[in-house]
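Undergrad: Below are the sequence and a predicted model; questions follow.
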2 protein chains.
Amino acid sequence: MQLLKDKILQVGRVEGEGVLKVDSFLNHQLDIVLLNEIGKAFKEAFKDAEVTKILTAEVSGIAIAVIAAQYFNVPVVFAKKTQSKNLDSETYEGEVYSYTKAQSYKIRVSKRYISSEDKILVLDDFLANGQAALGLKQIVDAAKADLVGVGVVIEKAFQEGGSLLRDKAIRVEALATIEAMDSNGIIFK
Amino acid sequence: MQLLKDKILQVGRVEGEGVLKVDSFLNHQLDIVLLNEIGKAFKEAFKDAEVTKILTAEVSGIAIAVIAAQYFNVPVVFAKKTQSKNLDSETYEGEVYSYTKAQSYKIRVSKRYISSEDKILVLDDFLANGQAALGLKQIVDAAKADLVGVGVVIEKAFQEGGSLLRDKAIRVEALATIEAMDSNGIIFK
């Protein structure tokens, strides 16, 4: 998606090892015009897929999922990281390993909101080590629903997440795939 | 907003003291059609206000803010609850007291994304004790921006948040205002 790549080159900042900051448009400030183009691009990428629900994980997947959902005409469910009074006690759980924190945490979806009839599209901002997507897949599997694919705005192809998912025969579509990056620049695939 | 009140009466669940669960459409599963009507209603409520940016706090304000932003044609910024590698070190901070946890936590916005030129509309799902909105106001004040108003989907008028904000001459618009509720039912104002 050229518009997205241009934006990443224009305002993305490579900070430290493997960190691409796109907080000016994707995960802190949100550029709604670009998000709409991203939503349309996901619909185009998965136009042949029958999707009944979009699943994401809080926090940074939510904005992308809700804008995209308008083009799929389906509801969104976002998995929660914390057990709160607003979450039912009956949940499907996934486990996400965080390399940054060197520990796992749970993500949960109320059993009310995914059924075995659902055809689930997982959307997220980044695909890096793939742990969030695998945690969401556990939730889809626990609900005996179908995972029709995983759509990500930015895939870091120099990390293992893409291979991990594709090796499990999961369909993965990335709107921008970064082959390599450092302080000198970003190379797209 | 009649559609919203109907939905609350139809699927909202009063659980325990003061807890209204609307997780089937507002803060876990997201009904995108209804969210669009909510977005339009916020635009109608603030049609005379000049808004340059919508501010909300993670997690449950994000979906509402991004859908509404399409009608205001402005970007969204969401305040973050955790210090992460994706957040700049230079931030405006607000403090939010959580009655549930009986402790305060900080919410932060990068100084890049709010300026003294901004006219900020704060949007959120609930207005109950008003602490989240006051924390967001601290961020707006720290940036020397203008707070043009606070829009909430549901105000619990039996809690003090609405008065707290209005006593500070903050314009508050709620799309549904609940006067009282218990296991027998919900009474709108």
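TA: Thanks, I have it.
Undergrad: show me the contacts for the residue most central in space within chain A.
TA: With distances taken as Cα atoms, centre = their mean, residue A:124 lies nearest the centre of chain A, 1.4 Å away. If a contact means Cβ atoms under 8 Å, 6 or more residues apart in numbering or on different chains, then residue A:124 has A:56, A:57, A:60, A:61, A:64, A:132, A:133, A:136, A:150, A:151, A:152, A:153 as its contacts. The C-beta positions use only the backbone N, C-alpha and C, and glycine is treated the same way.
Undergrad: With adjacent residues omitted, what lies nearest to the fifth one?
TA: The one in question is residue A:64. Using Cβ to Cβ, 6 or more residues apart in numbering or on different chains and skipping the chain neighbours, the partner closest in space to residue A:64 is residue A:123 (5.5 Å).
Undergrad: Repeat that for the second one.
TA: In space, not counting the residues next to it along the chain, residue A:57 is nearest to residue A:79; the distance is 4.5 Å by Cβ to Cβ, 6+ apart.
Undergrad: The first one too?
TA: Using Cβ to Cβ, 6+ apart and skipping residues adjacent in sequence, the residue nearest residue A:56 is residue A:65, 4.1 Å away.
Undergrad: Likewise for the third one?
TA: Leaving out its chain neighbours, the residue that sits closest to residue A:60 by Cβ to Cβ, 6+ apart is residue A:27, at 4.1 Å.
Undergrad: how close does that neighbour sit to residue A:125?
TA: Counting by Cβ to Cβ, to the nearest Å, the gap between residue A:27 and residue A:125 amounts to 6 Å.
Undergrad: again with residue A:75
TA: When Cβ to Cβ is the yardstick, residue A:75 and residue A:125 sit 20 Å from each other.
Undergrad: Equivalent analysis for residue A:109, please.
TA: If you measure residue A:109 against residue A:125 using Cβ to Cβ, the figure is 19 Å.
Undergrad: the more surrounded of these two?
TA: The residue with more neighbours, out of residue A:109 and residue A:125 and counting by other Cβ atoms under 10 Å in any protein chain shown, is residue A:109; that gives 26 against 22.
Undergrad: Would you pull up how far the one helix or strand the more buried one maps to lies from the middle of the chain?
TA: Counting by DSSP states H and E, the secondary-structure element that holds residue A:109 is strand A:103-110. Averaging C-alpha coordinates over strand A:103-110 and over its chain gives two centres that are 15 Å apart (Cα atoms, centre = their mean, to the nearest Å).
Undergrad: Please enumerate the helices of chain A.
TA: Along chain A, the stretches classed as helices by DSSP state H are A:2-11, A:32-45, A:62-72, A:131-142, A:161-167.
Undergrad: which bits of chain A sit near chain B?
TA: A:15-16, A:19, A:21, A:23-24, A:27-32, A:35-36, A:58-60, A:62-63, A:65-67, A:69-70, A:73-78, A:80, A:85-88, A:100, A:109-110, A:112-113 (Cβ under 8 Å from any Cβ of the partner chain).
Undergrad: Just the buried residues of those.
TA: Neighbour counting over the residues of chain A next to chain B (16 or more other Cβ atoms under 10 Å in any protein chain shown) leaves A:21, A:23-24, A:27-32, A:35-36, A:58-60, A:62-63, A:65-67, A:69-70, A:74-78, A:80, A:86-88, A:109-110, A:113 as the buried ones.
Undergrad: quick revisit: quick one, which of the contacts of residue A:124 has the minimum pLDDT?
TA: Least confident of the contacts of residue A:124 in the model: residue A:60, at 94.
Undergrad: contacting residues around that one?
TA: By Cβ under 8 Å, 6+ apart, the neighbours of residue A:60 are A:26, A:27, A:124, A:125, A:126, B:86.
Undergrad: and residue A:54, how many residues sit next to it?
TA: Residue A:54 is flanked by 25 other residues according to other Cβ under 10 Å.
Undergrad: Check the contact between it and residue A:75; I expect there is one.
TA: Yes. Look at residue A:54 against residue A:75 with Cβ atoms under 8 Å: they come within range, at 7.5 Å.
Undergrad: list residues touching both of these two?
TA: What both residue A:54 and residue A:75 touch, as defined by Cβ under 8 Å, 6+ apart, is the set residue A:69.
Undergrad: Next, the contact list for the spatially closest residue to residue A:40 that is not a sequence neighbour, please.
TA: Of all residues beyond its chain neighbours, the one nearest residue A:40 is residue A:71 (5.8 Å), with distances taken as Cβ to Cβ, 6+ apart. The neighbourhood of residue A:71, defined by Cβ under 8 Å, 6+ apart, consists of A:39, A:40, A:42, A:43.
Undergrad: Pass me the low-pLDDT residue ranges in chain A, would you?
TA: Residue ranges of chain A with pLDDT under 70: none are present.
Undergrad: and if we set it to 80?
TA: Confidence mapping of chain A against pLDDT under 80 gives the ranges A:17, A:83-86, A:100.
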